[in-house]
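K.L.:
pasting the sequence and the predicted coordinates here, then a few questions.
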Amino acid sequence: MRRLLLPAFAALTVAGAAALSTTASTASSAQGTRTTQTVRDAAASSTHRYGTHPRQTLDAHWKQSGSGPRPALVLIHGGYWYHQTDWSSSAERFAAEGFQVFAIRYRLNFEAGWPAQRDDVADAVAWIRSHAADFDVDPDRVLLLGSSAGGQLATDAATHGANGLRLKGVVALSPVASPYRAYNDGNSATDTKKRKLRDNAVILARCHPDSKDTSTTLHPSCWETWRSMVSKNWVDPADAPMYLIHSDDDFVPPTHSTDLEATAESRGVPSGRIQTHVVTGSAHGGSLLSEPGVFDRVVVWLKGKV
């Protein structure tokens, strides 16, 4: 049994966590043919709380519609479940495409173990629906887009409870759809990013994966916690459609998504409901939106679901 205790992390305050957070998103560099000012003019922005924890906030980027409520697009940042990253520029780009955009924050792995992050996504979506009239949102047209660790939260939202969040579609950029795969990849890799991903998956689960560790002394079974974090374990024909994107040299390899897609189809999910797209290069997460044509394909796919 290899339980993980976190005395060092317990001493961290939210203020200290902010110092650890990165505020530069690689997605922000992709502006397409629009100028930064044009994009910023497209939507007003404001910050709101969807829970009592200081991390449970979201930034709304929205514009009053003259033609009826618009679909909501919820953005879930990455950062190894450990860093908070800034998606404001990408939020503005998507808002300029006609979405009411909500960039959410969630409790990080040193603040709360799994499944707190799953709960935060669900609570944020529920808050957006309950305030739909305030932001000119159609509560029946909610979409998710997650990046890297946030991509894991997005694919989890699509599959957990047979799309219990009633999502119209989910886009995931470099999703860590199987933290267990990431753990094993990190064990055999010298790449620092893969090893960092492994280590933070352990912090998220509060233990190292061990199929014999079913004790509930510290928290629900360690093995069941790891199983719970893997999206393919919960696929169902009712799951939300997913569009999953990686680069072929991504440190979160495309096998995370191709395995999810294959498992889903073997369990009755219609072929094509989950699509995996691989681009050349090593772009990861939000930076994939800077690759030629990717942002436009994502927008077309999202609009096709609402």
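P.N.:
Thanks, I have it. Numbering: from 1, shown residues only.
K.L.:
hey, where'd the strands end up in the stretch 201-306 of the chain?
P.N.:
For the stretch 201-306 of the chain, the strands defined by DSSP state E, counting those that start in this stretch occupy 242-247, 274-279.
K.L.:
mean neighbour count, those strands: which tops it?
P.N.:
Of the strands of the stretch 201-306 of the chain, the one with the most neighbours on average (mean count of other Cβ atoms under 10 Å) is strand 242-247, at a mean of 26. All C-beta spots, glycine's among them, are computed from the backbone N, C-alpha and C.
K.L.:
do you know how far the residue with the largest distance to the centre of the chain is from residue 136?
P.N.:
Ranked by distance from the centre of the chain (Cα atoms, centre = their mean), the top residue is residue 66, with 30.4 Å. As defined by Cβ to Cβ, to the nearest Å, residue 66 lies at a distance of 10 Å from residue 136.
K.L.:
before we move on, what about residue 165?
P.N.:
Note on residue 165: its distance to residue 136, by Cβ to Cβ, is 20 Å.
K.L.:
neighbour-wise, which of the two wins?
P.N.:
Using other Cβ atoms under 10 Å as the criterion, residue 165 and residue 136 rank with residue 165 on top: 19 against 16.
K.L.:
doesn't residue 123 make contact with the more buried one?
P.N.:
No. Counting by Cβ atoms under 8 Å, residue 165 stays clear of residue 123, with 10.5 Å between them.
K.L.:
quick one: the strands in the stretch 51-200 of the chain?
P.N.:
Using DSSP E, counting those that start in this stretch, the strands found in the stretch 51-200 of the chain span residues 57-62, 70-76, 100-104, 137-147, 169-173.
K.L.:
mind putting these in a markdown table, mean pLDDT and mean neighbour count included?
P.N.:
Formatted as a markdown table, the strands of the stretch 51-200 of the chain follow (pLDDT from 0 to 100; neighbours: other Cβ atoms under 10 Å):
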| stretch | mean pLDDT | mean neighbour count |
| --- | --- | --- |
| strand 57-62 | 98 | 21 |
| strand 70-76 | 98 | 25 |
| strand 100-104 | 98 | 28 |
| strand 137-147 | 98 | 24 |
| strand 169-173 | 98 | 28 |
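K.L.:
okay, those in CSV with distance to residue 48 next?
P.N.:
As requested, the strands of the stretch 51-200 of the chain are arranged in CSV below (distance: least, Cβ to Cβ, whole Å):
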stretch, distance to residue 48
strand 57-62, 6
strand 70-76, 13
strand 100-104, 9
strand 137-147, 13
strand 169-173, 22
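K.L.:
and residue 243, which of those strands is closest to it?
P.N.:
Residue 243 sits nearest to strand 169-173 of all the strands of the stretch 51-200 of the chain, at 4.8 Å, using Cβ to Cβ.
K.L.:
quick one on the thing from earlier: the residue farthest from the centre of the chain: what's it in contact with?
P.N.:
Contact analysis of residue 66 by Cβ atoms under 8 Å, 6 or more residues apart in numbering lists nothing.
K.L.:
and if you look at residue 162?
P.N.:
Residue 162 neighbours (Cβ under 8 Å, 6+ apart): 236, 238, 239.
K.L.:
for ChimeraX, what selects the buried ones among the residues you listed?
P.N.:
Buried members of the contacts of residue 162, identified by 16 or more other Cβ atoms under 10 Å, are gathered into one ChimeraX selection as follows:
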select :239
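K.L.:
centre-most residue in the chain?
P.N.:
Centre of the chain computed as the mean C-alpha position; nearest residue by Cα atoms, centre = their mean is residue 150, 2.4 Å away.
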